[in-house]
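S.K.: I would like to see how this sequence folds:
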Amino acid sequence: MINNRAFLAMGGLSGAAGVVLAAAAAHGRGGYDGTVSALLLAHAPVFLFLSIAPRTRLLSFGGLAILLGLLLFSIDLMMRQYMGQRLFPMASPIGGSLTILGWLVLAASSLAASKQENPAALSDREVF
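M.R.: Numbering: from 1, shown residues only. Below is the predicted model of the structure:
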């Protein structure tokens, strides 16, 4: 599966690309720059979290699904804007669906984690 360094790198790249696209959107480039910027900036902290979280199969799978989904969605929108063509038919819907699936898997991983599998998991009492 994907390792912690890869998630850390993706978090940094996602954040940097998000800021670049936000600047492009602010200077009137229009199109999909703002949409892709918001998605990249919103997901950068997830990748940073995954780089320090105790590794489980569900977390790795969820993070990988988010990563692939975000790449498909973002690349497709940027290709439409700058090249006038799609990555491939249905790339954006597939990417969006993978991203949603990844988030659901991350949520499910909290239900599946036990103290034995994930000693860093917080109990309800520790959270509140």
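S.K.: lowest confidence element among the helices and strands of this structure?
M.R.: helix 124-127 (a mean of 46; mean pLDDT, DSSP states H and E).
S.K.: So which bits of the longest helix along the chain are buried?
M.R.: Ranked by residue count and defined by DSSP state H, the top helix of the chain is helix 57-83. Using 16 or more other CB atoms under 10 Å as the test for burial, helix 57-83 gives 58-81. Quick note: C-beta positions are derived from backbone N, CA and C, even for glycine.
S.K.: Okay, now the unreliable bits of this protein?
M.R.: Within the chain, the ranges that satisfy pLDDT under 70 run 1, 29, 113-128.
S.K.: make it 90
M.R.: The chain contains residues with pLDDT under 90 at 1-6, 24-34, 53-60, 81-82, 108-128.
S.K.: which residues in it form helices?
M.R.: With DSSP H as the criterion, the chain has helices at 4-26, 33-52, 57-83, 91-112, 124-127.
S.K.: quick one: the third one to helix 4-26, angle?
M.R.: So that's helix 57-83. Interaxial angle of helix 57-83 relative to helix 4-26 (axes from the mean of the first three to the mean of the last three CA atoms, to 10 degrees): 30 degrees.
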